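Visitor: Any chance you can model this:
(one chain, ligands or ions: 1)
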Amino acid sequence: MSDIPAIALPDHLIPADGRFGSGPSKVDTAALDALAATGSGFMGTSHRQETVRSMVGIIRLGLTELYGLDDGYEVVLGVGGATAFWDCASFGLIQRRSQHLVFGEFSSKFAAVTTAAPHLDDADVIVAEPGTHPQPRPTADVDAYAFTHNETSTGVTMPIIRPDGEGLVLVDATSAAGAIDVDPAQFDVYYFSPQKAFGSEGGLWVALCSAAAIERIGSIGASGRWMPAFLSLPLAVANSQLNQTYNTPALATLFLLARQVERMLDAGGLAWGIDRSQRSSSTIYRWAEASDYAQAFVTDPAMRSPTVVTIDLDPSVSADTVEAVLRANGIVDTFGYRKLGRNQLRLSCFPNIDPDDVATLTAAIDHVVAKL
Ligand SMILES: *Cc1c(COP(=O)(O)O)cnc(C)c1O
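Guide: Numbering: from 1, shown residues only. Down below sits the predicted model:
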């Protein structure tokens, strides 16, 4: 845009770190320094040797501790991110038919994957208006329920509660893991990409799998169903048990994720991440409540995400212009989700983001809007 109003924010309205994107999200710069400090000792070494495998070991053990997983749970990793995991699940976790709660872009993409899969029955898709979430409908012929703990496109969170019956509970936790509480007894697979709430890099998926999920993976694998090796969960489980991935992972992603898991454990565990996100997001929701031009897009407070906050602006204030002015001042990635098509800012409150920076951000937005 060439017509960005020239508004320079005063120093005290510029957050110490200007990254508020919902993914990739703010990576701790101390972790980047630590990665650089490994010099010739880590990057560019074999992922089949102990240097890298010990990093995977830290991730697997650390997540087991962070989530208090009982014996029988496995932390499984693979290359390709949550998007690849949807395909993995369609081949390796869904027996015949899945039910999907669709309430935004990411949940709808997984539903599209299973609906298109020729080896599965058409998915049972329950859709809710953007800004809300649907309720599951326990159904006898559904063998897997696809939930999304936090819909990153709309800023809606849903509680993870196991429906009655036999179906596995598969939870996309990409923008929730590390920042929103969950009871492992309520899920069978809790999977995520690490470049959001975990503040790492993309290209990897991580799945916390219950014994029932591991059993399902084994039985479908043994049934002879064709699956591409890259998307094979039996191969992923076998490699993860050796602290490896089936094909070459991005080593920087592993390093940054391991650092973040250790950082969270040192700081008090999941409670630390939950508290940081809660503090940041409540600052924004309170600010919007008091504002005469901004309001929370999600009207039901129980559905409001603590990690990705969506704020509608009055039509007299262009969110695109506000975003561009903020960007010109070093505050980046506050745009709303394009396909939602609203006059909206989307502000991430992941644990790595400093709650003080979030408070500064709201004051900066007020300053920009007053000057427009
Ligand atoms: C970002 C995101 C994804 C996709 O993650 P990729 O790493 O790009 O595959 C899936 N689900 C949710 C909820 C997300 O926020």
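
Visitor: show me what contacts Thr29?
Guide: Shown in contact with Thr29 (CB atoms under 8 Å, 6 or more residues apart in numbering): Asp17. No exception for glycine: its C-beta is placed from N, CA and C like everyone else's.

Visitor: any idea how far Ala117 is from it?
Guide: 41 Å (CB to CB, to the nearest Å).

Visitor: burial count for the closest residue to the ligand within the stretch 1-150 of the chain?
Guide: Closest residue of the stretch 1-150 of the chain to the ligand, CB to the nearest ligand atom: Gly81 (2.8 Å). Here the number of neighbours of Gly81 (other CB atoms under 10 Å) works out to 20.

Visitor: when you give positions from now on, start the count at 30
Guide: With the count now opening at 30, the last piece we talked about shows up as Gly110.

Visitor: Quick check: Phe221 vs the ligand, distance?
Guide: Distance from Phe221 to the ligand, counting by CB to the nearest ligand atom, to the nearest Å: 8 Å.

Visitor: er, Ser306 actually
Guide: 14 Å.

Visitor: how about the residues of the stretch 30-179 of the chain that lie near the ligand?
Guide: Applying CB under 6 Å from any ligand atom, we find that the stretch 30-179 of the chain lies next to the ligand at 52, 110-112, 135, 177.

Visitor: Please identify which pair of these lies farthest apart.
Guide: Greatest spatial distance in these: Gly110 and Thr177, 14.8 Å, computed using CB to CB.

Visitor: Dig out what whichever residue of the stretch 280-401 of the chain sits closest to the ligand forms beta bridges with.
Guide: Residue of the stretch 280-401 of the chain nearest the ligand, by CB to the nearest ligand atom: Val337 (8.0 Å). For Val337, the beta-bridge partners are Ser377 (DSSP bridges).

Visitor: Quick one: the helices in the chain, in order.
Guide: Assigned helices in the chain, in chain order: 58-66, 79-95, 110-121, 134-145, 240-251, 262-270, 280-296, 299-319, 348-357, 384-400 (criterion: DSSP state H).

Visitor: what's the most buried one of those?
Guide: helix 110-121 (a mean of 22; mean count of other CB atoms under 10 Å).

Visitor: for it, packing partners?
Guide: Applying 3 or more CB pairs under 8 Å, 6 or more residues apart in numbering; DSSP states H and E, we find helix 110-121 packed against strand 103-108, helix 134-145, strand 218-221, strand 233-238, helix 240-251, helix 262-270.

Visitor: what do you get if the cut-off is 10 Å, keeping everything else the same?
Guide: For helix 110-121, the packing partners by 3 or more CB pairs under 10 Å, 6 or more residues apart in numbering; DSSP states H and E come out as strand 103-108, helix 134-145, strand 173-177, strand 197-201, strand 218-221, strand 233-238, helix 240-251, helix 262-270.

Visitor: wait, isn't Val105 in contact with Trp234?
Guide: Yes: between Val105 and Trp234 there is a contact under CB atoms under 10 Å: 8.5 Å.

Visitor: For the ligand, give me its nearest residue in the stretch 230-379 of the chain.
Guide: Closest residue of the stretch 230-379 of the chain to the ligand, CB to the nearest ligand atom: Gly231 (4.9 Å).

Visitor: How many residues are close by that residue?
Guide: Quick note: Gly231 (other CB under 10 Å) scores 17 neighbours.

Visitor: ok, Gly196 - contacts?
Guide: 123-124, 126-128, 165, 167-175, 217 (CB atoms under 10 Å, 6 or more residues apart in numbering).

Visitor: Could you single out the nearest of the residues you listed to His396?
Guide: Nearest member of the contacts of Gly196 to His396, counting by CB to CB, is Ala175, at 42.1 Å.

Visitor: What sits closest to the closest one if chain neighbours are left out?
Guide: His129 (4.4 Å; CB to CB, 6 or more residues apart in numbering).

Visitor: need the contact list for the one you found.
Guide: 136-144, 152-156, 163, 165, 171, 173-177, 199.

Visitor: Flag every residue of the stretch 180-329 of the chain that's near the ligand.
Guide: 181, 201, 203-204, 222, 225, 231.

Visitor: Select from these the one having the most neighbours.
Guide: Ser204 (32 neighbours).

Visitor: now the closest residue in space to Ile33 that isn't next to it in sequence: how far from Gly70?
Guide: The shortest distance from Ile33 to any residue other than its chain neighbours is 4.5 Å, reached at Ala353 (CB to CB, 6+ apart). Look at Ala353 and Gly70: by CB to CB, they are 42 Å apart.

Visitor: any common contacting residues for Val105 and Trp234?
Guide: 114, 117, 220, 265, 274.
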